[in-house]
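A.B. asks: Sequence first, then the predicted structure, then my questions.
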Amino acid sequence: MGVHGADVENGVPYKEKWRVFDRISDFLYVMVRNVHDVVSHAPFFVHRFTFLCPHFLGDAEKYNKICADTSTLTTTPEKLRYHRYHKGLLQREVAEAVGIDRTNYSAYEADERDYYPPEVLQRLAGLFGIDVSELLDGYNAFLQDGQAAQLRAYRKSLGLMQSEFAAQYGYNLHQIKAWEQGRIRMLKKHWLRIFGALG
């Protein structure tokens, strides 16, 4: 490494300047300098920041003013949008990172679906650095925590047999049995019909 003109002009001996001693990776270097025959080493980490286009910054700023934290968010789309903005990511970047199509992820944030595949939610939570429970709305938390056991526990808390429970809520017995055995996923409209009044 040669002596730079600025070093000479400032009267700083070249050996007292920090120099690259070793390159560990593209982002991490070990620096070295010698001041009065004392050799010092220090790590040097190069930080990378995502450049956001003005349109995206405006959207993020508006959303963050409305939602200062997640305590006011109740739906999965709101929570996904909050955490994506918080990480400074575009929808395309999130979709690529978790291995789904961008239009599919866009639908996740647009409140166009009720159910989110657990494996995709796990990957999203990992990307955002949070627990998956922080992305779940009431319905998806119900599915995540075990639809069968919760439905059975609720029915028993009412002191009803399966046939009585089915009659009370207007379902056939086979459907109640299938939900309690976990053979079919309960749709959100049915979850709201049964559990909606409890929330």
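C.D. replies: Sure, I can see it. Numbers count the residues shown, from 1 in each chain.
A.B. asks: contacts and neighbour counts: CA atoms only from here.
C.D. replies: OK.
A.B. asks: Tell me where the model's unsure across the chain.
C.D. replies: Applying pLDDT under 70 to the chain flags the ranges 1-15, 47-69, 197-199.
A.B. asks: again, only using 90
C.D. replies: Applying pLDDT under 90 to the chain flags the ranges 1-29, 33-41, 44-74, 82, 85-89, 110-113, 196-199.
A.B. asks: Tell me where it has strands.
C.D. replies: 19-23, 28-35, 38-45 (DSSP state E).
A.B. asks: deepest of the ones you listed, which one?
C.D. replies: The highest mean neighbour count among the strands of the chain, using mean count of other CA atoms under 10 Å, belongs to strand 28-35: a mean of 16.
A.B. asks: now for that one, which elements pack on it?
C.D. replies: Helices and strands touching strand 28-35, as assessed by 3 or more CA pairs under 8 Å, 6 or more residues apart in numbering; DSSP states H and E, comprise strand 19-23, strand 38-45.
A.B. asks: That one pairs with which strands?
C.D. replies: Partner strands and pairing direction for strand 28-35 (DSSP bridges) are strand 19-23 (antiparallel), strand 38-45 (antiparallel).
A.B. asks: Make JSON lines out of these and add distance to residue 158.
C.D. replies: Shown next, in JSON lines, are the strands paired with strand 28-35 (distance: least, CA to CA, whole Å):
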{"stretch": "strand 19-23", "distance to residue 158": "67"}
{"stretch": "strand 38-45", "distance to residue 158": "60"}
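A.B. asks: The ones you listed: which one's closest to residue 121?
C.D. replies: Comparison of the strands paired with strand 28-35 against residue 121 by CA to CA identifies strand 38-45 as nearest, at 31.6 Å.
A.B. asks: Contacts for the closest one, please.
C.D. replies: With CA atoms under 8 Å, 6 or more residues apart in numbering as the test, strand 38-45 has contacts from 27-34.
A.B. asks: Which one of the strands paired with strand 28-35 lies nearest to residue 162?
C.D. replies: Closest among the strands paired with strand 28-35, using CA to CA: strand 38-45, at 62.2 Å.
A.B. asks: before we move on, the earlier item: of all the contacts of strand 38-45, which comes closest to residue 70?
C.D. replies: Using CA to CA, residue 27 is the member of these that lies nearest residue 70, at 32.4 Å.
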